[in-house]
Structures are given as C-alpha cells and as structure tokens.
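K.L.:
Next comes the sequence, and after it the predicted model I'd like to discuss.
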Amino acid sequence: MNLSEYIINDIKPLSTADKISDLQLLFNQLTYTHIPIKNSENTYIGCLSETDVYCFERDKFIQDYSYASEGFFVREDAIWLDVLETFAQNSSNIMPVLNAENAYLGYYELNDIITLFNQTPFFAEDGGTLVIEKGLDDYSFSEISQIVESNKGKLLGAFISKMQNNLVQFTLKIGNASLNDIIQTFRRYNYTIISGHEDDSYIENLKDRSDYLNKYLNM
C-alpha cells in the first residue's frame with residue numbers, strides 16, 4: 001500500500017520568524033490540531049498545537065515559543081500501521097512527512113489513513129468477529145490460526161487488543177465459517193471467549209438447561 005499519493009501540501013509550515021497572531025489566524029481557518037513549523041533554514045522543527053498557541057501572546061514571534069514544539073513526524077516510506085500508531089501517540093490529526101534527508105514533503109490527514117484502515121480485509125470482508133483470552137505464557141498465534149483453519153475458517157485478521165494481569169485478549173476476524181464450531185474448539189484449548197458476533201450455541205444450550213433446571217426445582 002503506497003501512502004505517498006496521500007501526502008498533502010495545502011498548508012506550508014510557518015516560519016519561526018512569523019508572529020503568533022499568524023498562527024492563531026491559521027488555526028481559526030482550519031480544523032487541524034497542530035501546524036508544522038520550520039526554522040530560518042527551512043528545516044522542520046516540529047508542530048505547535050492549537051491548545052498551546054491560543055495561550056501565547058499574539059504579538060510575539062513563533063521563535064519565542066519554539067520550545068513548545070512537538071517533534072513528531074513519519075518517514076515517506078513508513079507503512080500505514082506505523083503512521084496510524086504515530087497519530088494515536090501524539091493525539092494529532094495531521095502528520096508531517098519527511099524524507100531520509102529530513103526534508104519536509106508535506107503531511108498526512110488522519111481521516112485518509114483511517115479510510116485506508118477501513119479498506120483492509122479485517123473491516124471490508126464479510127465475516128464474524130471473535131474476542132478470546134488466554135494466559136500470557138500459554139498462547140501462540142500458530143495455535144490460534146490452526147484452530148480457525150481446522151474448522152474451515154479463514155483468518156482475515158488478528159491482533160492483541162488487551163494485555164492485563166498476565167492475560168492476553170485477541171480480536172479475530174474470521175471468514176468462510178460459522179463461529180460456533182470455532183468457539184467450541186477454542187474452549188477445548190482453554191481459551192476464554194470474551195465475545196463472538198454470531199450465535200454461540202454453547203451459551204444458548206447452557207441457558208436452556210439452566211431454565212429447565214429452574215422449572216424442575218420449582219415444580
């Protein structure tokens with residue numbers, strides 16, 4: 001997936017020689033959380049956030065507040081997942097792009113990267129979503145794949161969605177199969193089923209038996 005076609009150059013970085021009032025005006029016109037800043041040598045030095053800029057004195061220069069710049073960026077050859085991670089780590093909706101020589105090329109918009117994410121088979125292909133859990137030292141991705149494929153399922157995507165108290169949760173997207181057989185096999189391998197977006201016959205059977213037992217005890 002080539003991201004270079006998504007690099008935007010509509011906004012040029014402001015210079016440290018510009019006034020804070022210029023930066024505030026730009027934020028008034030845009031919906032970005034940050035604006036890229038360059039120094040007098042046209043070198044990218046970081047981004048200033050909208051939250052900080054409105055606290056600065058309008059008549060001062062950007063260079064007076066360059067200490068507040070946030071130096072995040074991605075390389076032009078970064079894969080989309082790394083780009084999305086950098087967005088999340090910096091709570092930004094704009095991401096400067098630099099080449100190997102640190103020259104500023106433009107920026108990505110968060111919405112464009114999320115759209116690419118939504119086009120991956122994990123979201124775009126039909127299938128069921130399953131969340132499972134097992135001990136940190138007890139799982140393997142090869143075992144997870146084997147369980148899905150042995151039940152004629154197609155694993156469209158899998159990632160670790162939570163780690164806590166030596167337990168790991170996995171979110172799986174599974175195509176070409178009913179989830180019920182897969183769920184039962186995961187249980188036999190001592191995985192806990194957190195949620196499955198198809199009917200879980202095991203739970204339904206337990207519920208039916210419980211209802212029957214309650215009726216019997218109340219006779």
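P.N.:
Nice, I can see it. Keep in mind that what you see is a predicted model, and the values were worked out from it rather than measured. Numbering: from 1, shown residues only.
K.L.:
What ranges does this structure have for its strands?
P.N.:
Here the chain has its strands, by DSSP state E, at 14-15, 34-38, 44-49, 74-75, 94-98, 104-109, 128-135, 154-164, 167-175, 192-196.
K.L.:
Dump those into TSV; add mean neighbour count, distance to Glu57 and mean pLDDT as well.
P.N.:
Yep, even glycine has a C-beta here, placed from its N, CA and C like the rest. Below are the strands of the chain laid out as TSV (neighbours: other C-beta atoms under 10 Å; distance: least, C-beta to C-beta, whole Å; pLDDT from 0 to 100):
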stretch	mean neighbour count	distance to Glu57	mean pLDDT
strand 14-15	16	16	95
strand 34-38	23	17	96
strand 44-49	21	14	96
strand 74-75	18	32	96
strand 94-98	22	24	97
strand 104-109	20	27	96
strand 128-135	19	50	93
strand 154-164	14	44	90
strand 167-175	19	47	93
strand 192-196	15	51	87
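K.L.:
what bridges to the closest residue to Phe73 other than its chain neighbours?
P.N.:
Nearest in space to Phe73, with sequence neighbours left out and distances taken as C-beta to C-beta, 6 or more residues apart in numbering, is Pro96 at 4.3 Å. Note on Pro96: beta-bridge partners Tyr107, judged by DSSP bridges.
K.L.:
check contacts around Pro96.
P.N.:
By C-beta atoms under 8 Å, 6 or more residues apart in numbering, Pro96 lies in contact with 13, 36, 44, 47, 72-74, 104, 106-107.
K.L.:
Make sure Ala78 is actually in contact with Ser4.
P.N.:
No. Between Ala78 and Ser4 no contact is recorded; they are 10.4 Å apart, counting by C-beta atoms under 8 Å.
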